[in-house]
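K.L.:
coords please:
(chains A, B and C)
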Amino acid sequence: LAIVNVEKPIVTLTTDFGLKDNYIGIVKGLITFLNRKASIIDISSEVPPFNIEAGRYLLETSYLNFPSGTIHLAIVDPGVGTKRKIVIIETDHCLFVGPDNGLFSFLKRSAIKRIISVSNSKYFLKDVSPTFHGRDVMAPVTAYLSLGVAPEEFGPAVKSIVRPKGGRKQKGRGRIIYVDHFGNLVTSLRQDDLPDGKNEVLLNNHKIGPVRKTFGSVKPGKPLCYINSFGYLEIGINQGSAAEYFNITDSSKTKILIAPN
Amino acid sequence: LAIVNVEKPIVTLTTDFGLKDNYIGIVKGLITFLNRKASIIDISSEVPPFNIEAGRYLLETSYLNFPSGTIHLAIVDPGVGTKRKIVIIETDHCLFVGPDNGLFSFLKRSAIKRIISVSNSKYFLKDVSPTFHGRDVMAPVTAYLSLGVAPEEFGPAVKSIVRPKGGRKQKGRGRIIYVDHFGNLVTSLRQDDLPDGKNEVLLNNHKIGPVRKTFGSVKPGKPLCYINSFGYLEIGINQGSAAEYFNITDSSKTKILIAPN
Amino acid sequence: LAIVNVEKPIVTLTTDFGLKDNYIGIVKGLITFLNRKASIIDISSEVPPFNIEAGRYLLETSYLNFPSGTIHLAIVDPGVGTKRKIVIIETDHCLFVGPDNGLFSFLKRSAIKRIISVSNSKYFLKDVSPTFHGRDVMAPVTAYLSLGVAPEEFGPAVKSIVRPKGGRKQKGRGRIIYVDHFGNLVTSLRQDDLPDGKNEVLLNNHKIGPVRKTFGSVKPGKPLCYINSFGYLEIGINQGSAAEYFNITDSSKTKILIAPN
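P.N.:
Reported below is the predicted structural model:
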C-alpha cells in the first residue's frame, strides 16, 4: 500500500499548461469529480512550454516542502500522443505521476522504491484523446491514487526512468537552466560544483564577480551571483532583472564559467 | 431544492478579471466569508477582457468535468452597470451564475430546467457599486446558493437566456474563437461542421492541410489542424505557436474555410 | 489568545513572487506541511516586483472581505536579508504577517491591538537562507499562528510599524499608485480628497473630465474617471486600456490634478 493520507490527500500540479486556458481547471475538476476530499495545490502552471529541464528544476526544488504522502502530478509532455510511457514513481516520502521523459530524473536511483508503467485503462477516461493525456489519463490516475488505490493496480513495474544523456558535468562549467519571474538566472551549477578557493563567475563574456551572500552586497541595478535558496548558483541584479540586463532570450545559448580569481 | 452538496460545495470561477489584481481573491474571500465550507476552483481568470465568446468556449469545454451540484460562477461582463440581467441557470447537473449576455448560450434549451433573474437584494452586499457586481452581487448569490438557498429565492423565473444573433452557421466556414497559451488557434467549427470526404483546411489564404490525428504527424515547426480534445477543429504548430507563425493578433479578422481536397 | 479559527483556519497570500515560479507553491506546501487544515487563498501573486505601495493597495482593498480570524501573509520585501523586521500585527478582526516596510501602513494606529517583532527562531526552518524568508521564516510563522500559537510566542511586542514619510497630502493633488489588469489607473486620491463642487480631473496635461458614475457614460474607447469599487479615484477607458491610451509605463512620473471646472 502507498503512503497517501486518504482522509485528507494532497495533490500538487506542475505543468506547462499555462494559467490562461482551462486546462488546469479541467484537471482539478476531474480530480475533484473522482475524489472530493483531495486538496490540490499548484507548484507551477507556467513551466515554459515543452521545457522539461525547467519543469524538473521547479519540481525538484519544491516537493520536499509538501507533507509526506503527497501525490505530485507533473505534466510537461512534448511527446503526448507518441509512445513515451506514463509512470507512477514511489519514494519513501511521496508519489509522482507524469510522462517518463526526464522530468523526474532529479530523483536518485536509491530514493526510488518502485516505478509503475501506467497501462490499466480501467483507470482512464473512456475516450482517450491523442492530445490531452493530462485530463484523460493522468488526472484520473492521480485521483484514484488519492483514493488509496495501490500503484501496482495501474500497470507493471519497470526498472528505470528516463534520465538525460550526456557525460558527467565539467567542474566549473554550466549553463542557465531557468529564468525566474524577477529575471534571475538559475544556472545548472550547485554549491558542490564550484571549485575551491576564490572564484570569478562569468556569464558568456561578462564578469559577474565572486559568489556573494546577499543582494545588498552590490548597489541597486548592479549584477551579482549567489547560491540561491535551493542551493543553485544564480545570477541576479539588485532590485532589477538580470534577464533584461544581459538580454537573455534563449537560455540554451548561455555559458557559465567559474574562473579562479 | 437545488442539487448542491451543502456538506462540501464546489464553486468554479471563469472570469476576465486577470490574475494580477485582487479581484479574484476578493470574490473568493467573500464566498469564504459567507460559507467557509465552499471549495473554490479556478477554471480561468484570464479570459481575454470583455470577450464573451472566449469565456463561453472555456466554460463549455470545462463544466462537465466537475462534480454534480457544482456552482459555476462566470463573469465576463462588458455591460456591468447597465440593465443586463444577472441570472441563475439550473440544469440537471449543476448551477450557473453570471451576467445574461450570451456567456451561457452553449447550454441547449432542453438542458435548462430553470432560469432565475437575480433581483432579491437581500442577498447582495449592502452597497452595490456600479463597477464590481462580481463582488457585490454575484459572489454573495453564489455563496448563498452553496449554503442551500433555493434558486427561486433570488428572483423571478424567466423564459430564456440571451443567445448570439446571426443565421445558421454555413457548413465548412468558420473563424477563430480562441487562442490558447501554446498559441493554438481554436476555430468555431466542430467535427459535425466538417463536410464529408477528404478536406483541405484553409486559414485566410494559408493551406493548412487535411485534419490530422497527432502533432507528431508533421515535423516540428510545421502547421497542422486536428480535432482538439474538446471536439473543436484547431490549428497548431508541432512544438510551436500558430498564433506567432500566422501572426494572429485579432481573431475576429480570421476566416476558416474547409475545401474539398 | 488570537482570533484564529483553528478548526478551519484561512490564510491569504499577497506577494510579488509571480505565478511563473514555484515560490507560491513552496509557501503553500510548507504551510500545508505544518497544518493540513489550513485553507490558503491568493489575494495576488503578481504585485509588481518590489512595489510596496501596490502591495499595500491590493491588501488594503481586499482584507475586509475575508472571515474574521483570517491570517494575511503579505510578502513584498525588497529588503530581504537586511535588518528590516518581520512583524505580526493583530487587529480585532484578523492577523497580518510580513516585512515591516510600509506594506501594512493602511492600518490606522487605533485599529492595531498588538505588534510583534518576529524573532523566535524556534518557529523558523532550521537553515534560514538570506534570500527566501517567505519560505524559511514567514510561511512557518503563519502556519504556527494557524495552529493557534499565540502571537507573543514569536517575539517581543513593539510600539509601531513603518509608515511612509512625507507631509500631509495636498488636497486635489495625487499620482497613480496602481495599474490593473484592464489598464485602469488607480490614483492615490479617495472620495474625501476631492474638493467640493464641480471638478475636472487632469492626468499630467490630459483633461479627463468630471467624476462619472459608470463606464457607459462615455462612448467605447473614450477615457473617463470614477470612484472605483474600493473608494479610490480611478481613470479608465470604456471597453479599453487607459494604460495603453495614455502610454503609462512608469506610474511614479504621473501627476493627477483636480481643478475646479
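
K.L.:
and the helices in chain A?
P.N.:
A:23-34, A:52-60, A:133, A:139-146, A:242-245 (DSSP state H).

K.L.:
closest one to residue B:40 among these?
P.N.:
helix A:23-34 (10.5 Å; C-beta to C-beta). All C-beta spots, glycine's among them, are computed from the backbone N, C-alpha and C.

K.L.:
for residue B:62, see how far away the residue in the stretch 1-150 of chain A positioned nearest to chain B is.
P.N.:
The stretch 1-150 of chain A approaches chain B most closely through residue A:18 (3.0 Å), counting by C-beta to the nearest C-beta. Going from residue A:18 to residue B:62 by C-beta to C-beta, to the nearest Å gives 15 Å.

K.L.:
ok, residue A:41 next?
P.N.:
According to C-beta to C-beta, residue A:41 stands 20 Å off from residue B:62.

K.L.:
out of the two, which sits in the more crowded spot?
P.N.:
Neighbour count, other C-beta atoms under 10 Å in any protein chain shown: between residue A:41 and residue B:62, residue B:62 has more, with 24 against 20.

K.L.:
what sits against the more buried one?
P.N.:
A:22, A:25, A:26, A:29, B:12, B:14, B:43 (C-beta atoms under 8 Å, 6 or more residues apart in numbering or on different chains).

K.L.:
what's the ChimeraX syntax to select whichever of these are buried?
P.N.:
The ChimeraX command for the buried members of the contacts of residue B:62 (criterion: 16 or more other C-beta atoms under 10 Å in any protein chain shown) is given here:
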select /A:22,25,26,29 /B:12,14,43
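
K.L.:
mind showing which ranges of the stretch 1-150 of chain A have poor pLDDT?
P.N.:
Within the stretch 1-150 of chain A, the segments meeting pLDDT under 70 span A:1-2.

K.L.:
who in it is up against chain C?
P.N.:
For the stretch 1-150 of chain A, the contact set with chain C under C-beta under 8 Å from any C-beta of the partner chain comprises A:5, A:8, A:10, A:12, A:14, A:19, A:39, A:41-46, A:58-59, A:61-63, A:65-67, A:70.

K.L.:
try it again at 6 Å.
P.N.:
Contacts of the stretch 1-150 of chain A with chain C, taken as C-beta under 6 Å from any C-beta of the partner chain, map to A:8, A:41, A:42, A:43, A:44, A:46, A:58, A:62, A:65, A:66, A:67.

K.L.:
now do the residue nearest to the fourth one when sequence neighbours are not counted against residue A:217, distance only.
P.N.:
Nearest non-adjacent residue to residue A:43, counting by C-beta to C-beta, 6 or more residues apart in numbering or on different chains: residue C:25, 3.7 Å away. Taken as C-beta to C-beta, the spacing of residue C:25 relative to residue A:217 amounts to 28 Å.

K.L.:
quick one: contacts for residue A:237?
P.N.:
A:223, A:245 (C-beta atoms under 6 Å, 6 or more residues apart in numbering or on different chains).

K.L.:
tell me, how many residues neighbour residue A:127?
P.N.:
Counted with other C-beta under 10 Å, residues neighbouring residue A:127 total 7.

K.L.:
I misspoke; the intended subject was residue A:120.
P.N.:
Around residue A:120 there are 16 residues (other C-beta under 10 Å).

K.L.:
what's the answer for residue A:197, then?
P.N.:
Neighbour count for residue A:197, taken as other C-beta under 10 Å: 7.

K.L.:
confidence score at the residue of the stretch 151-261 of chain A found nearest chain B?
P.N.:
Residue nearest to chain B within the stretch 151-261 of chain A: residue A:181 (12.3 Å; C-beta to the nearest C-beta). At residue A:181, the model reports a pLDDT of 88.
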